Every structure is written in structure tokens, then in C-alpha cells.
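> here is my input, please return the structure:
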Amino acid sequence: MNWHFWTAVVAGLIAASVIDWLFAGVLFHDRYMRHPEVWRTPGSNTRGIVAAQVLTVPTVLGMIALLELLGARGFWPVLLVAALVWAIAAGPAVIVNGIFVKLDATVVAAHTTGWLVKLLAVAAIAAALL
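Have a look, this model is predicted:
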């Protein structure tokens, strides 16, 4: 693994964090409290936010490593891999959570879309830097 890989990882982590903040924190923020009993702690949840950001590391590392292992090069092939990862894992997982956990539909839609955007952004960064 060379410096291009680690540069892509750092850039991917920054992009993923901003995307998570936008899709899971800003968009439809008022809709989270439609079912306040669902959330572990009302108000500020610094511990949960930190834990979620730590879990972004294997997502970004895994996506970039997968692209490397597959030898995916070029903009469209890496975006296709990212979309497939979303379609087989992240998208269905979030939607199923939305089916079984009492969450507002707009929150589920934002989180599902956020995962797609996050994976596509990391893949695009990898395409540009690897």
C-alpha cells in the first residue's frame, strides 16, 4: 500500500464524515423526534456520534481495499462497484431497519441515500487518487 492508498483513505474519511453529517444529522433533523422513544438518549449524543465515526473507518478502508483487490480503475467501474456494495448490503440493511424499527420514512430515506452517496464519494475519491 503506497501513499496514494492512504491519501484516498484520509480523503474518503473526511468526505464520509461530511456526508454522514449531512444525511444523518442535518436533513430532516426535526423528523427524528417524531418517535423520540426510539432514540437511546435525547439531545446531544456525543458518544454515539463518535462511535459512528469510528465505524466509518472500516467502511472507507474496506471500500478502497475492495476496489484495489478487484483492480477497478476508472470512474465508471468504481462507481459501479460502490453501487453494487450499496445494493447488496448497506441499502437493504437500512431499509430493513426502517421496516422493523419505528423510524420516520424520511429519516430512513435520508440514511439510505446517505449510504449510497457515501460509497459513491469514496469510490470517486479512490478513482481520482489511486
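> count of residues packed around residue 106?
Here the number of neighbours of residue 106 (other C-beta atoms under 10 Å) works out to 14. Where C-beta positions appear, they are placed from N, C-alpha and C, glycine not excepted.
> start the count at 338 instead of 1 going forward.
Yep, numbering from 338; the last one is residue 443 now.
> what's the closest non-adjacent residue to it?
residue 365 (4.5 Å; C-beta to C-beta, 6 or more residues apart in numbering).
> need the helices for this protein, in chain order.
340-358, 383-391, 393-407, 412-422, 428-437, 442-466 (DSSP state H).
> ok, now which ones touch residue 418?
403-404, 407, 409, 460 (C-beta atoms under 8 Å, 6 or more residues apart in numbering).
> can you tell me which of these has the most neighbours?
In terms of neighbours by other C-beta under 10 Å, the contacts of residue 418 top out with residue 460 at 27 neighbours.
> skip the chain neighbours and tell me the closest residue to it.
Using C-beta to C-beta, 6+ apart, the closest residue to residue 460 is residue 419 (3.7 Å).
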